[in-house]
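[1] return atomic coordinates for the entry below.
(2 chains)
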Amino acid sequence: MKKRLEFKYKFGFSVPHKPVYTTKPGISEKVVKEISYLKGEPKWMRDFRLKAFKIFKQKEMPKWGPDLSSLKFDEIIYYLKPIEKRADYWEQLPPEIKKTYDLIGIPEAEKKFLAGVSAQFESEVVYESIKKDLEKKGVIFCDMDTAVKKYPEIVKEYFGKLVPPADNKFAALNSAVWSGGSFIFVPKGVKVPLPLQAYFRINAERMGQFERTLIVAEEGSFVHYVEGCTAPIYSTQSLHAAVVEIFVKKGARVRYTTIQNWNKNVFNLVTKRSKIEEEAIMEWVDCNIGSAVTMKYPSVFLAGRKSKAETLSLAYAFGNQIQDTGAKMIHLAPETSSRVISKSVAVKGGRTSYRGLVQVLKGAKKSSVYVSCDALILDKISRSDTYPTMKIFEKDVQIQHEATVEKIGEDKLFYFNCRGIKKEEAESLLVNGFIQPIAKELPLEYAIELNRLINLQMEGTVG
Amino acid sequence: MLELKNLTVRIQNKEILHDINFKFEKGKTYAIMGPNGSGKTTLALAILGYPGLSLDKKSKIIFNGRDITNLKPEERAKKGIFLSFQNPPPLSGVNIFQLLQYAFPKINPLILRQKTKEISQKLGLEEEVLERSFHPGVSGGEKKKVEALQALIFNPKLFIFDEIDTGLDVDALRKISQSINEIKKGKTTILITHYARILRYIEPDYVLVLKEGRISHFGDKTLAEKIEREGYKNF
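    Here you go, the predicted structure:
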C-alpha cells in the first residue's frame, strides 16, 4: 500500500514520438524567423513577432510574485512540430499521438457532449473538428495559424490588441514565438449550444508551449470554450506561456472554462484578457490544480454600459506547488457589475496567493463590485496570502470585499473521527465541500474530473 | 460495559479530571450533572479519545472488556461509541448525506439518503436543513436535531449525549426524546445535562454528579430534582 496523501498524476505518461521538426533549444531572432518561415506566414505576422522579440529582450522579469529564477530561457525548445499535416479524423493521427488523446479521453468526450474539439500536441494543433451545423451558421473554430492565413482581416483587427506584446515579458515571449491555440468567431445572434473544447498537451521534455487564443463573439451570440492541459512527468522544467484575447460584443456572452492540470514541472505563466461591450457578459471559470508555478489573473475590461463580468477562480496547491492566481476587473462604463469568487486550498506545504485588481474609473457610475476570496489551509506548513488592490475613482459605486481564511483544525477532524471517518477522508470531504460553489459551475463531466483529481490528491492511491 | 479506571485527564498541563473510577452497566441510562467547568464534556471527549487531552499512564478506558485507551477516535466510534456533540464545529460545504456516505461506504447512497430523510421527518428536521446541515449559520436547535439524527442512524452500543436539550424548543425536545427512548432500549446511554427538564423525557436509572473533576455524588433521579431545587451549593 502506498503512503496516503501521495499524489499519483494520471497523465504523467509520455509517448515515444519523433517530431518532424524542432528548433534548437534557446531563443534568438533566428529562432523567431525560423518559426515564422516554417509556418509560411504573411510578412505582417513575421514583423509582429520580431518586434515582440525585441520587447521580450528588453522587458525585465516580474519583480513581484513567485520565484521564477529556475526558469532557463536558453534550455527551452520553443517550437516543435509533431506531424506534417493536421488530421481531420482521429485515425489519421500517428498511433502514439492518438493513444495520448485516447488515454485522456478526448475522442469519447467529443462524441458525447462537445460541439467541437481542437487538440494541440507540442506546438501545433494536430486535430480539429466542429459540428457541421455550426459551420453552416458561420461559426469558425480553427487553430490560430490557419486563422492567420484564412481570415487575415479578422485576425489583424483583433490580434494583440487586448494583450499587446509590451504588456509583460511573457506576453512578449508568446507574441514572438506563438504557435497553435484556438481561433473562434461566432457570428451575430448565433448561440453555440455545446462547449467547444481545446486540449493542450506537452509531450516532449523541456518543451515550451506558447499557444495563442482569440475569441470574437459578435452581437447577441454565445459560446462556451473549455480548455484542458496535461503534461508528462519530467525532472526538467517546461514552460507554458499562453495569451488569450476575447472580444465580447453588445449583448453577447462568452464563458471560458479552464481545467489546468499541468504536471508539477511546468511553469504556467498566462495572460488572459477580455473586453466586453454594452450588456455583454464574460465569465471566466479558472481552475488551477497542476503546474509548478502558475501566475494567472484573467482580466475583463467592462467597456460597455450594463456589461457584466464574473471570475470564478479555484486554486489547489500541494507540496511544492505555487498557485498565484486571481482576477482583474476594470470598470470603464456606467452600470457595470463584476463579481470575483476565489477559492484556494493549500496542502502539505503548498502555497496559494490571491492577487486581484479592481479598478473603477471616473464616470463608471452605479457600478457594483463584489470580491470574495476564501482560502483553506490544511496544515501548518502550507500557506495562503491575499493581495487585493482596489482603485476606485468614482463615488457612486457599490464595492464589497470579503476574505476568509479557514484552517482545518483538530476539532473539525475529531468530529469526523467520532463518526468513524479517518483524517484523510475527512480532509477530502472538507476540501470538496469548500470548492463546491465553483465545482458546480463546471460542466458535469469536468466537475466529476475535478472531484476525482482532488480526491486522488487527498487520499493518495491504494496499490 | 464501559469502565473508567484511574482516569486522570489534563488539558495543557491543567488537570481537569482526577482519578475517576466508574463502571457503566449495559442497558442502563446515566445522567451526568455538574456545575460549569466540572469536567463533564472533558469526560465525554476522553471516552472518544480527543487528541487535545493527555491521560495519565495509569488511566484506562475499558469498553466491552477491551482496553480502548490507545485506540484512535474513529476506531472507538467503529466499536459502537457515539458522541452527540455539545457544539458541533461548522463544516463549510459539508452536509449530512456526504458525511454518512463516508461513514457507511458500503451502503448504497440512495438508500442511505432515503433512510436519513425518514428519520429526520420523525425529528421534525426540514429537508432543506439536511442539505446544509453542517454549514455555518445553521441554528443551535437545528444542529442538535442533526446530532440526534446521527445518533439514530449510527445506532451504537453506547450513546453519549452532551447537552442534547440546549437550544431545543419543547416540541422538538419531546420528539427527540421519544425517538431516543425507542432506540436506546438495551443500550447504554449517558446524558450530560445541566437541567432536570430533559430527565422528565428520558428517564435516567442513575445520576452522577461531577464536581471539580471528581464524582461527588451518585444516586437516582431524585438527585437531579434536588439539584434543580437547590443548585449545587449543598453538593
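[2] show me what residue of the stretch 151-300 of chain A gets nearest to chain B.
    residue A:287 (16.2 Å; C-beta to the nearest C-beta). Any C-beta I mention is one placed from the backbone N, CA and C, and that applies to glycine too.
[3] now chain A
    Closest point on chain A to chain B, by C-beta to the nearest C-beta, is residue A:433, at 2.7 Å.
[4] what about that residue, neighbour count?
    20 (other C-beta atoms under 10 Å in any protein chain shown).
[5] send me the helix or strand containing it as CSV with only the CA atoms.
    Assigned by DSSP states H and E, residue A:433 belongs to helix A:423-439. Extracted in CSV, the C-alpha atoms of helix A:423-439 (Å, rounded to 0.1, in the frame of the first residue of the first chain):
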residue,chain,number,x,y,z
LYS,A,423,-8.4,12.0,8.8
GLU,A,424,-7.6,11.8,5.1
GLU,A,425,-11.3,11.1,4.2
ALA,A,426,-12.4,14.0,6.4
GLU,A,427,-9.9,16.3,4.7
SER,A,428,-11.2,15.3,1.3
LEU,A,429,-14.8,15.9,2.4
LEU,A,430,-13.9,19.3,3.7
VAL,A,431,-12.0,20.3,0.6
ASN,A,432,-14.7,19.1,-1.7
GLY,A,433,-17.3,20.9,0.4
PHE,A,434,-15.2,24.1,0.2
ILE,A,435,-14.7,24.1,-3.6
GLN,A,436,-18.3,23.0,-4.3
PRO,A,437,-19.5,26.6,-5.2
ILE,A,438,-17.0,26.6,-8.0
ALA,A,439,-17.1,22.9,-9.0
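[6] and it, which residues are buried?
    For helix A:423-439, burial by neighbour count (16 or more other C-beta atoms under 10 Å in any protein chain shown) applies to A:423, A:425-439.
[7] hmm, back to that, what's the closest non-adjacent residue to the residue of chain A closest to chain B?
    Excluding its sequence neighbours, the residue lying closest to residue A:433 (C-beta to C-beta, 6 or more residues apart in numbering or on different chains) is residue B:93, at 2.7 Å.
[8] per-residue pLDDT of that neighbour, please?
    In this model, residue B:93 is scored at 83, pLDDT.
[9] quick check, it in a helix?
    No: using DSSP: H, G, I helix; E, B strand; the rest coil, the assignment for residue B:93 is coil, not a helix.
[10] could I get the contacting residues of it?
    By C-beta atoms under 8 Å, 6 or more residues apart in numbering or on different chains, the contact list for residue B:93 reads A:430, A:432-437, B:135.
[11] for residue A:200, list each beta-bridge partner.
    On the basis of DSSP bridges, residue A:200 is bridged to residue A:120, residue A:229.
[12] correction: residue A:191
    According to DSSP bridges, beta-bridge pairing links residue A:191 with residue A:222.
[13] tell me, how many residues neighbour residue A:97?
    Here the number of neighbours of residue A:97 (other C-beta under 10 Å) works out to 22.
[14] run through the neighbouring helices and strands of the strand or helix carrying it.
    Using DSSP H and E, the element containing residue A:97 is helix A:95-104. Secondary-structure packing of helix A:95-104 (3 or more C-beta pairs under 8 Å, 6 or more residues apart in numbering or on different chains; DSSP states H and E): strand A:116-121, strand A:196-201.
[15] what's the burial count for residue B:26?
    Count around residue B:26 with other C-beta under 10 Å applied: 12.
[16] and what of residue A:29?
    With other C-beta under 10 Å as criterion, residue A:29 counts 13.
[17] who are the contact partners of it?
    Counting by C-beta under 8 Å, 6+ apart, residue A:29 has contacts A:50, A:53.
[18] how about 10 Å then?
    Counting by C-beta atoms under 10 Å, 6 or more residues apart in numbering or on different chains, residue A:29 makes contact with A:49-50, A:53-54, A:57, A:176.
[19] mind picking the two most distant members of those residues?
    Pairwise distances across the contacts of residue A:29 (C-beta to C-beta) peak at 12.9 Å, for the pair A:49 and A:57.
[20] same drill for the two, tell me which one is more crowded.
    residue A:49 (21 against 14).
[21] and the helix or strand harbouring the more buried one, how far out from the chain's middle?
    Per DSSP H and E: residue A:49 is located in helix A:43-58. The chain centre lies 24 Å from the centre of helix A:43-58; the measure is C-alpha atoms, centre = their mean, to the nearest Å.
[22] now do stretch A:427-437
    That offset, for stretch A:427-437, works out to 22 Å (C-alpha atoms, centre = their mean).
[23] that one - what's its average pLDDT?
    Per-residue scores along stretch A:427-437 average to 87.
[24] brilliant, that's me finished.
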